[in-house]
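Visitor: model this:
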Amino acid sequence: MNELQGKTAVITGAGSGIGAGIAQATAAAGMRVVVADIDTERAQSVADELSAGGAEAIAVQVDVSDLASVTALREQAYEAFNEVHLLCNNAGVWVGAMMADADIKDWQYQINVNLYGVIHGVKTFLPDMLARGEGHIVNTASLGGLISGPPEGLYCTTKFAIVGLSESLLMEVADKGVGVSVLCPGLVNTDLITQSEKVRPAAVDPGVRHDQPAPDVAAGLSPAVVGERVVDSVKDNNFYIITHDDYREVIEMRHAGILAAVDDHARRYGSTSGRTF
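Guide: Model (predicted):
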């Protein structure tokens, strides 16, 4: 979608951080914005700020881990603006824990929000985009969806899944007028760590905090800059949105290791041609 003026964006996790940055950038591009967040007050604050700047914006409370809540988000977006052209599945949480020590509820919390939040967004909004033959979906993963390491094993599990989901989705819809991007930011200056604890439901909280260092988010990139890069990538129909080049060598090393394993297998066992896809 190279023309965004007058179109509608729905952004989850838009009450703060990267989501708020995307909301600001889409509003600046002339889009009508649905600011969706589990924290109603934060969502309303961002929507009010956008409206004060001349944009059309509404705030909607949503729990992306709940399909019914995401369905209600779609209904409110359509009631306000009739169509949705851009969906940013951005809501996410972080729990720092070594996998040997993590409680199953730590896993459930991150999977429910980080992964099912994207799944619910795609299931709810994609059919309308396909029917119209126009739209774009941005799924927020992380550089942690391309490289991994402790104590972010749980987080990386969900973010790797989002990258795979997004790549598969792109292959499904590329010829149907719907664009797909996967946002893989490095360190961004957000309150992800503290907000993840604040909004964690009791049902997925074991009441144990793990003594693991959190990322130094205060040293990160401005969310506003990330938002601008997302809008640029949507206009250019870019798939990967990479905000940092800090880990280029690590990414290169990972992929080199995969290719080396392929070559080693061919040397040891001979080339195979039985492709499954």
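
Visitor: doesn't G207 fall inside a strand?
Guide: No - looking at G207 with DSSP: H, G, I helix; E, B strand; the rest coil, it is coil, so not inside a strand.

Visitor: My understanding was that G227 contacts A14; is that so?
Guide: No - if you go by Cβ atoms under 8 Å, G227 and A14 don't touch, sitting 9.9 Å apart. Heads up, the C-betas are built off the backbone N, CA and C, glycines and all.

Visitor: okay, those two: which has more neighbours?
Guide: More crowded of G227 and A14, by other Cβ atoms under 10 Å: A14, with 34 against 26.

Visitor: SS state for the more buried one?
Guide: Secondary structure of A14, reduced to three states by three-state DSSP: coil.

Visitor: so what's it up against?
Guide: When contacts are counted by Cβ atoms under 8 Å, 6 or more residues apart in numbering, A14 touches 20, 22-23, 33, 35-37, 43, 46, 88, 90.

Visitor: Find the residues that touch each one of G227 and A14.
Guide: Counting by Cβ under 8 Å, 6+ apart, the contacts common to G227 and A14 are 20, 22-23.

Visitor: if we can go back for a sec, strands - which of the contacts of A14 land there?
Guide: Counting by DSSP state E, those place 33, 35-37, 88 in strands.

Visitor: Not counting its neighbours along the chain, what's nearest V199?
Guide: I38 (5.3 Å; Cβ to Cβ, 6 or more residues apart in numbering).

Visitor: residues touching that neighbour, list them.
Guide: Residues in contact with I38 (Cβ under 8 Å, 6+ apart) are 15, 61-64, 91, 199.

Visitor: Can you tell me how far it is from V188?
Guide: 19 Å (Cβ to Cβ, to the nearest Å).

Visitor: what does A266 give?
Guide: The gap separating A266 from V188 is 40 Å, by Cβ to Cβ.

Visitor: do the same with V225
Guide: With the distance defined as Cβ to Cβ, V225 ends up 9 Å from V188.

Visitor: Now do the shared contacts for the two.
Guide: In contact with both V225 and V188: T243, using Cβ under 8 Å, 6+ apart.

Visitor: who has more neighbours, the two?
Guide: Per other Cβ under 10 Å, whichever of V225 and V188 has more neighbours is V188, with 21 against 15.

Visitor: so what's the more buried one scoring on pLDDT?
Guide: We have a pLDDT of 97 for V188.

Visitor: Wait, it touches A219, no?
Guide: No - with contacts counted by Cβ under 8 Å, V188 stays clear of A219, the gap being 9.9 Å.

Visitor: Would you map the helices across the stretch 151-277 of the chain?
Guide: Counting by DSSP state H, counting those that start in this stretch, one finds helices in the stretch 151-277 of the chain at the ranges 153-173, 192-198, 223-236, 248-269.

Visitor: got the contact list for the second one?
Guide: Counting contacts by Cβ under 8 Å, 6+ apart, the residues outside helix 192-198 that touch it are 16-17, 39, 92-95, 214-215, 217.

Visitor: gap between E79 and V34?
Guide: For E79, the distance to V34 - Cβ to Cβ - is 10 Å.

Visitor: For these two, indicate the residue with more neighbours.
Guide: When neighbours are counted by other Cβ under 10 Å, E79 and V34 differ, and V34 comes out ahead with 32 against 9.

Visitor: where in the protein is pLDDT low?
Guide: 272-277 (pLDDT under 70).

Visitor: Pick out the residue closest to the middle of it.
Guide: With distances taken as Cα atoms, centre = their mean, T140 lies nearest the centre of the chain, 1.7 Å away.

Visitor: so that one makes contact with V93?
Guide: No - using Cβ under 8 Å, T140 is not in contact with V93; the gap is 11.6 Å.

Visitor: about what we covered before: may I see the contacts of A14 organised as a markdown table, with distance to M99 and neighbour count added?
Guide: Compiled in a markdown table, those are given as follows (distance: Cβ to Cβ, whole Å; neighbours: other Cβ atoms under 10 Å):
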| residue | distance to M99 | neighbour count |
| --- | --- | --- |
| A20 | 31 | 26 |
| I22 | 31 | 32 |
| A23 | 34 | 32 |
| V33 | 38 | 29 |
| V35 | 35 | 31 |
| A36 | 31 | 32 |
| D37 | 29 | 32 |
| A43 | 33 | 29 |
| V46 | 35 | 25 |
| C88 | 29 | 29 |
| N90 | 25 | 28 |
